[in-house]
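*Asks:* the sequence and its predicted three-dimensional model are supplied below.
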Number of protein chains: 2
Amino acid sequence: MSFHYQYARPALAVDCVVFGLDEDLQVLLIQRDIPPFEGRWALPGGFVRMDETLDEAAKRELEEETGVTRVYLEQLYTFSELDRDPRERVVSVAYYALVKLSDHRVKAATDAREAAWFSVIDLPKLAFDHDRVLATALARLKGNVTYKPIGFELLPPKFTLSQLQRMYEVILEKELDKRNFRKKVLTMGFLEELDEVEQDVAHRAARLYRFDKKQYHELMKQGFHFEL
Amino acid sequence: MSFHYQYARPALAVDCVVFGLDEDLQVLLIQRDIPPFEGRWALPGGFVRMDETLDEAAKRELEEETGVTRVYLEQLYTFSELDRDPRERVVSVAYYALVKLSDHRVKAATDAREAAWFSVIDLPKLAFDHDRVLATALARLKGNVTYKPIGFELLPPKFTLSQLQRMYEVILEKELDKRNFRKKVLTMGFLEELDEVEQDVAHRAARLYRFDKKQYHELMKQGFHFEL
DNA sequence: CCAAAAGTGTTTCACTTACACCCATGA
DNA sequence: TCATGGGTGTAAGTGAAACACTTTTGG
């Protein structure tokens, strides 16, 4: 590699896989309004600028295209197949994030494009290689959710233990035992029991809990190991 | 993003963190023979060509610069700090690999550069942000080794249980109980017990074992979960 | 015969799993 | 009063951790 490198370069882009939780696990998509893949749904994303890092580019593109802001984006994988974009060589760094769907239910796209939530179990065929990107993100989510408390990002600040359990069941695609689940998460010691219950339900109201981030980090420092 | 995207682009490079095992955990470095950081040690790597994927670029650069070939490179992380290269904007995709040090003890660099193994616990200051890249790779290795049998890549095809245990101790930086360790790895059922013992040792010769990849994948399919 | 590492079992304790009924509430 | 989910305990089994001595071999 010489001092002045001036061969042709691939273009560099970012794509964002943003998950939310409803009955199902949901993902945020935008509808493309220009070729290629005009009209097809795609992951929000775009090209990286010279004066921003990849993290910054991902955050900016996500906000520009979907209005979603203040989310923690984590780098997922960099995709570099030669033909992943029919126009030219584009290498894309994928990010993923978990958001409280309630905070982003109506998304005001700042440009003309349409953004919408889709259940991951009933998706349209996506543009580019975004099916593959999404599959990678889903696998990562499934793999991480059991040993990092990332799932809490999907829930509102106050939640019931049943909501928490349903979240794990949806992501892991398997049922969990209610008593064992409650025992486990409560003994971990970072759920703050509130003196409040859920409202407007047609049955006994469940107690609300809050994820105590400080306490969690305190436990981490002491070598605590979260699992399941 | 317009059809013809022609803004300035970052250069795109790959860097390879290749681990080997001796008494300590080792990493393969090359000495730079041009500025910037002339004379400093760095991770092998270089710019990505238009006709190759990132995986291919990493493999090619590693071979060109160190002679190391036929290793399984896994993508690690993409680094994009604005000033990580003093010449110009360079985004670099890092890869990591584990190799049997015995196979690569003498490395014949194909060009003039020097390549050498360094213990990770006694490293020179590296060029660019390679200290950070290496730290990321070490963290990943430590995190993965307990629940994927990747560590076997560091050992020769036939190894003793003590060698296997030492490998885990070196990577995890903690001591393990001999009896419990042997019990555990043997009950997992993918170690093939050979009718051979190690040679030329000044004490009782230990039995040799082989990692049975087929059996491991068979167990995986049946939902087996490797850990520690 | 000495040094050096190989090899081997048992007990204790903690955690995981399986499992079923009563309770509180709003409609 | 009924339907709906909320909330609770125990027993059995499995796996992790702690722990020390004998065996083999070459020098």
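*Replies:* Received the coordinates, thanks.
*Asks:* quick one, domains of chain A?
*Replies:* A:11-144, A:149-221 (automatic domain parsing).
*Asks:* near DNA strand D at all, the longest one?
*Replies:* No: for domain A:11-144 and DNA strand D, the contact criterion (Cβ under 7 Å from any atom of the strand) is not met; the two come no nearer than 11.5 Å. In short, each C-beta sits where N, CA and C put it, glycine included.
*Asks:* mind checking the SS state of A:Arg166?
*Replies:* helix (DSSP: H, G, I helix; E, B strand; the rest coil).
*Asks:* residues in contact with it?
*Replies:* Contacts of A:Arg166 were listed using Cβ atoms under 8 Å, 6 or more residues apart in numbering or on different chains, and none were found.
*Asks:* state the distance from it to DNA strand C.
*Replies:* A:Arg166 sits 16 Å away from DNA strand C, taking Cβ to the nearest atom of the strand, to the nearest Å as the criterion.
*Asks:* residues of stretch A:204-221 that come out buried?
*Replies:* By neighbour count on 16 or more other Cβ atoms under 10 Å in any protein chain shown, the buried set for stretch A:204-221 is A:208-211, A:216, A:219.
*Asks:* what would those residues look like in TSV with secondary structure, pLDDT and distance to B:Tyr168?
*Replies:* Output for these, formatted as TSV (DSSP: H, G, I helix; E, B strand; the rest coil; pLDDT from 0 to 100; distance: Cβ to Cβ, whole Å):
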residue	secondary structure	pLDDT	distance to B:Tyr168
A:Leu208	strand	98	43
A:Tyr209	strand	98	38
A:Arg210	strand	97	39
A:Phe211	strand	97	33
A:Tyr216	helix	95	28
A:Leu219	helix	91	25
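*Asks:* just say which of the domains of chain A is most tucked in.
*Replies:* domain A:11-144 (a mean of 18; mean count of other Cβ atoms under 10 Å in any protein chain shown).
*Asks:* show me where chain A has its strands.
*Replies:* According to DSSP state E, chain A carries its strands in the segments A:11-21, A:25-31, A:41-42, A:45-47, A:74-79, A:90-98, A:114-119, A:158-159, A:191-197, A:207-211.
*Asks:* and A:Pro86, its phi and psi?
*Replies:* phi -70, psi -20 (degrees, to the nearest 10).
*Asks:* so who does A:Lys59 touch?
*Replies:* If a contact means Cβ under 8 Å, 6+ apart, then A:Lys59 has A:69, A:71, A:73 as its contacts.
*Asks:* and A:Ser80, what are its phi and psi?
*Replies:* Here A:Ser80 shows phi and psi, under degrees, to the nearest 10, equal to phi -140, psi 20.
*Asks:* pLDDT weak spots in chain A?
*Replies:* Chain A contains residues with pLDDT under 70 at A:1-6, A:105-113.
*Asks:* dump the residue contacts of the residue lying closest to A:Leu76 once chain neighbours are set aside.
*Replies:* Leaving aside its sequence neighbours, A:Leu76 sits nearest to A:Ala94 (Cβ to Cβ, 6 or more residues apart in numbering or on different chains; 4.3 Å). Counting by Cβ under 8 Å, 6+ apart, A:Ala94 touches A:14-17, A:43, A:75-79, A:133, A:136-137.
*Asks:* now the residue of chain A found nearest DNA strand C. Its backbone dihedrals?
*Replies:* Distances between chain A and DNA strand C by Cβ to the nearest atom of the strand are smallest at A:Arg204, namely 3.2 Å. Torsion angles at A:Arg204 (phi, psi; degrees, to the nearest 10) stand at phi -50, psi 130.
*Asks:* that one and chain B: what is the separation?
*Replies:* According to Cβ to the nearest Cβ, to the nearest Å, A:Arg204 stands 37 Å off from chain B.
*Asks:* does any part of stretch A:37-50 sit near chain B?
*Replies:* Yes: applying Cβ under 8 Å from any Cβ of the partner chain, one finds stretch A:37-50 in contact with chain B at A:46-50.
*Asks:* equivalent analysis for stretch A:140-156, please.
*Replies:* No: Stretch A:140-156 stays clear of chain B (Cβ under 8 Å from any Cβ), getting no nearer than 9.0 Å.
*Asks:* next one: that stretch to chain centre, how far?
*Replies:* 9 Å (Cα atoms, centre = their mean, to the nearest Å).
*Asks:* that one near DNA strand C at all?
*Replies:* No: remark: stretch A:140-156 sits outside contact range of DNA strand C, by Cβ under 7 Å from any atom of the strand, the gap being at least 10.8 Å.
*Asks:* which residue, other than its chain neighbours, is closest to A:Thr66?
*Replies:* Closest residue in space to A:Thr66, ignoring its immediate chain neighbours: A:Ala115 at 4.2 Å, by Cβ to Cβ, 6+ apart.
*Asks:* wait, doesn't that neighbour sit right on A:Glu63?
*Replies:* No: with contact defined as Cβ atoms under 8 Å, A:Ala115 and A:Glu63 do not form a contacting pair (11.1 Å).
*Asks:* longest helix in chain A, please.
*Replies:* If you go by DSSP state H, chain A has its longest helix at helix A:130-145.
*Asks:* picking up where we left off before, okay, the contacts of A:Ala94 in JSON lines with distance to A:Asp55 next?
*Replies:* Formatted as JSON lines, these follow (distance: Cβ to Cβ, whole Å):
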{"residue": "A:Val14", "distance to A:Asp55": "9"}
{"residue": "A:Asp15", "distance to A:Asp55": "13"}
{"residue": "A:Cys16", "distance to A:Asp55": "11"}
{"residue": "A:Val17", "distance to A:Asp55": "15"}
{"residue": "A:Leu43", "distance to A:Asp55": "16"}
{"residue": "A:Gln75", "distance to A:Asp55": "7"}
{"residue": "A:Leu76", "distance to A:Asp55": "12"}
{"residue": "A:Tyr77", "distance to A:Asp55": "15"}
{"residue": "A:Thr78", "distance to A:Asp55": "13"}
{"residue": "A:Phe79", "distance to A:Asp55": "17"}
{"residue": "A:Val133", "distance to A:Asp55": "17"}
{"residue": "A:Thr136", "distance to A:Asp55": "18"}
{"residue": "A:Ala137", "distance to A:Asp55": "16"}
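*Asks:* since that was my last question, I'll sign off now.
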